[in-house]
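Student: Pasting the sequence and the predicted coordinates here, then a few questions.
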Amino acid sequence: MDKNTVTGLVLIGILLIGFSYFSRPSDEEQAAMQRYNDSITVVKQQEAALEAKKTAALANETQKVNTADSNSVFFQSANGSEQVTTIENNLIKLSVTNKGGYVNSVLLKNYKGQDKQPLVLFKENDATLNFNFYNKEEVIQSKDYYFQAVNQTDSTLTMRLAADSTSYIDFVYKLHNDSYMVDFSIQATGMQGKLANTNYVDIQWAQRARQLEKGFTYENRLSELTFKYSGDNSDYLSASKDEEKSVPERLDWIGYKNQFFSSVLIADKDFEKSVLKTKIETQGSGYIKNYASEMSTFFDPNGSAPTALHFYYGPNHYKTLKAFDKDRDDKLELDNLVYLGWPIVRSINKWFTINIFDWLSSWGLSMGIVLLLMTIIVKVVVFPATWKTYISSAKMRVLRPQVEEINKKYPKQEDAMKKQQEVMSLYSQYGVSPMGGCLPMLLQFPI
């Protein structure tokens with residue numbers, strides 16, 4: 001190794017030693033770094049301890065829940081996998097989930113959606129139905145348990161919530177041919193001592209109304225939560241804003257209405273202490289309204305009498321809805337779901353417009369053609385009255401100078417009655433009817 005190489009290595013060594021010496025942290029900096037490292041260690045230890053406490057608390061809570069579940073009346077029905085059972089008739093198809101035992105999908109066979117497929121009124125996750133049963137230890141919510149499908153036919157189904165082989169609550173569904181009405185009953189068997197000795201069950205029923213037409217704004221305007229007071233008139237929540245209403249009076253039924261279709265829950269022994277809610281959905285979400293109701297109705301925990309309810313899943317068709325009141329003393333008046341206008345217009349719609357519409361629809365024509373033909377028919381019917389209106393209007397134009405002369409003759413306000421009498425006498429003399437245009441307008445108003 002030559003002299004220059006040795007000198008270079010020595011200089012490099014001196015530089016490294018000098019750099020290490022002068023760049024080392026001071027005693028204060030070393031102390032600060034030590035404190036920082038110590039604080040990091042403490043924080044990590046605290047986080048580990050907190051996580052351990054959380055894990056222990058969660059395990060303890062889980063153990064408590066499991067212990068409580070094991071003491072629950074329906075413990076054996078608390079676990080399972082969701083399955084769907086269908087029943088149907090020639091008009092509708094219902095899908096009933098075993099998780100909660102309620103209808104979670106409805107298909108209307110004779111109607112088409114925008115996709116040209118049979119119309120789905122609502123589907124999975126659109127609707128929920130929960131019944132709260134009680135005992136001294138717990139509130140039993142049907143939505144949390146798995147039911148067993150028993151006694152099934154094409155149009156009937158019993159969903160059973162079993163406590164054991166001899167103690168259970170049955171949800172019974174029954175469809176009738178050519179009907180959109182679904183009979184639904186709740187029957188307790190062998191539940192004496194397992195349920196509180198009350199005479200009611202609390203219900204929570206919710207449904208998101210799907211947007212079934214292309215125009216959100218117009219469909220939203222005609223979609224509303226409707227309800228009927230027991231033995232009295234029907235009422236509704238606002239269609240144009242979110243609303244919540246507590247109803248202390250007894251109700252016959254509660255309906256979730258779209259523009260052309262409705263879901264209605266009917267109680268044979270009325271609903272009580274009802275809280276009704278409606279909320280407008282966001283445009284573009286595929287839904288129009290979010291409806292929800294909480295109410296109570298009769299329930300016998302001893303099983304002496306069933307809780308009798310009914311669902312209507314179908315069109316807002318006046319005659320279809322009106323037919324449910326046939327041979328009934330206590331009228332349901334479901335036809336109130338169909339708005340027919342003010343009283344005088346309602347009569348025209350009821351006896352004329354609806355009958356013409358149904359007659360034309362029975363030909364299998366498209367809705368546009370039906371409305372066009374209805375317009376032509378109404379125009380033909382009112383033509384004589386319309387022609388008289390045109391004649392009267394022409395006569396009034398001819399008589400206008402004479403009417404102005406009468407106005408000049410009676411300029412004072414106190415002579416208004418005399419002026420009116422003379423004008424009407426003039427009109428009568430020439431066969432003019434100032435009100436002649438009202439009837440044609442009234443008859444055409446429903447169109």
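Tutor: Looks like it arrived, so ask away.

Student: can you pull out the helices in the protein?
Tutor: Using DSSP state H, the helices of the chain run over 3-23, 27-70, 216-221, 318-322, 343-348, 354-361, 367-381, 383-398, 400-409, 416-429, 438-444.

Student: Where among the ones you listed is average confidence lowest?
Tutor: Lowest mean pLDDT within those: helix 27-70, a mean of 52.

Student: Map the structural domains onto the sequence of this protein.
Tutor: 28-70, 75-339, 345-381, 383-444 (automatic domain parsing).

Student: so of the ones you listed, which one's packed in deepest?
Tutor: Burial of these is given as mean neighbour count (mean count of other CB atoms under 10 Å); domain 75-339 ranks first at a mean of 18. Glycine gets a C-beta too; all of them are placed from N, C-alpha and C.

Student: Help me confirm that S142 comes into contact with G100.
Tutor: Yes - here S142 reaches G100: they are 5.5 Å apart, a contact under CB atoms under 8 Å.

Student: which residue sits closest to K331, ignoring its sequence neighbours?
Tutor: D325 (4.6 Å; CB to CB, 6 or more residues apart in numbering).

Student: need the contact list for the one you found.
Tutor: 331-335 (CB atoms under 8 Å, 6 or more residues apart in numbering).

Student: Would you convert those into JSON lines that also reports distance to T386?
Tutor: Listed next are the contacts of D325 as JSON lines, based on distance: CB to CB, whole Å:
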{"residue": "K331", "distance to T386": "38"}
{"residue": "L332", "distance to T386": "40"}
{"residue": "E333", "distance to T386": "36"}
{"residue": "L334", "distance to T386": "37"}
{"residue": "D335", "distance to T386": "31"}
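
Student: which ones among those residues are found in strands?
Tutor: Among the contacts of D325, no residue falls in strands (DSSP state E).

Student: in the stretch 201-350 of the chain, what spans have low per-residue confidence?
Tutor: For the stretch 201-350 of the chain, the stretches flagged by pLDDT under 70 are 341-346.

Student: Show me the strands in it, by range?
Tutor: Assigned by DSSP state E, counting those that start in this stretch, the strands in the stretch 201-350 of the chain fall at 225-229, 234-236, 243-247, 251-257, 261-280, 287-298, 307-315.

Student: Determine which of the ones you listed approaches I92 most closely.
Tutor: strand 307-315 (5.8 Å; CB to CB).

Student: What angle do strand 251-257 and the closest one make with each other?
Tutor: 30 degrees (axes from the mean of the first three to the mean of the last three CA atoms, to 10 degrees).

Student: Give me the helices and strands touching strand 307-315, please.
Tutor: strand 92-97, strand 103-112, strand 181-189, strand 261-280, strand 287-298 (3 or more CB pairs under 8 Å, 6 or more residues apart in numbering; DSSP states H and E).

Student: Minimum distance to K409: which of the ones you listed has it?
Tutor: The nearest among these, by CB to CB, is strand 261-280 at 59.2 Å.

Student: Compute the inter-axis angle for the closest one and strand 243-247.
Tutor: Using the same axes, to 10 degrees: strand 261-280 against strand 243-247 is 110 degrees.

Student: Just the CA atoms of strand 261-280, as PDB, please.
Tutor: Written as PDB, here are the backbone C-alpha positions of strand 261-280 (Å, rounded to 0.1, in the frame of the first residue of the first chain):
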ATOM      1  CA  PHE A 261    -101.900   0.200  -6.500                       C
ATOM      2  CA  SER A 262    -102.100  -0.200  -2.700                       C
ATOM      3  CA  SER A 263    -101.100  -2.300   0.200                       C
ATOM      4  CA  VAL A 264    -103.800  -2.300   3.000                       C
ATOM      5  CA  LEU A 265    -103.800  -3.900   6.400                       C
ATOM      6  CA  ILE A 266    -107.300  -4.400   7.800                       C
ATOM      7  CA  ALA A 267    -108.200  -5.400  11.400                       C
ATOM      8  CA  ASP A 268    -111.500  -7.100  12.200                       C
ATOM      9  CA  LYS A 269    -111.300  -5.700  15.800                       C
ATOM     10  CA  ASP A 270    -109.800  -2.400  14.900                       C
ATOM     11  CA  PHE A 271    -106.400  -0.800  15.400                       C
ATOM     12  CA  GLU A 272    -105.700   1.300  18.500                       C
ATOM     13  CA  LYS A 273    -103.100   3.900  19.600                       C
ATOM     14  CA  SER A 274    -101.800   4.300  16.100                       C
ATOM     15  CA  VAL A 275     -98.800   6.300  15.000                       C
ATOM     16  CA  LEU A 276     -98.600   6.900  11.300                       C
ATOM     17  CA  LYS A 277     -95.600   8.200   9.300                       C
ATOM     18  CA  THR A 278     -94.900   9.100   5.700                       C
ATOM     19  CA  LYS A 279     -91.600  10.300   4.200                       C
ATOM     20  CA  ILE A 280     -90.900  11.300   0.600                       C
END
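
Student: That strand - contacts with which helices or strands?
Tutor: So strand 261-280, by 3+ CB pairs under 8 Å, 6+ apart, packs with strand 103-112, strand 118-122, strand 200-210, strand 225-229, strand 243-247, strand 251-257, strand 287-298, strand 307-315.

Student: Put together JSON lines for the domains of the chain, with distance to I14 on each row.
Tutor: Below are these laid out as JSON lines (distance: least, CB to CB, whole Å):
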{"stretch": "domain 28-70", "distance to I14": "25"}
{"stretch": "domain 75-339", "distance to I14": "76"}
{"stretch": "domain 345-381", "distance to I14": "100"}
{"stretch": "domain 383-444", "distance to I14": "111"}
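
Student: Between those domains, which one is closest to T7.
Tutor: domain 28-70 (34.9 Å).
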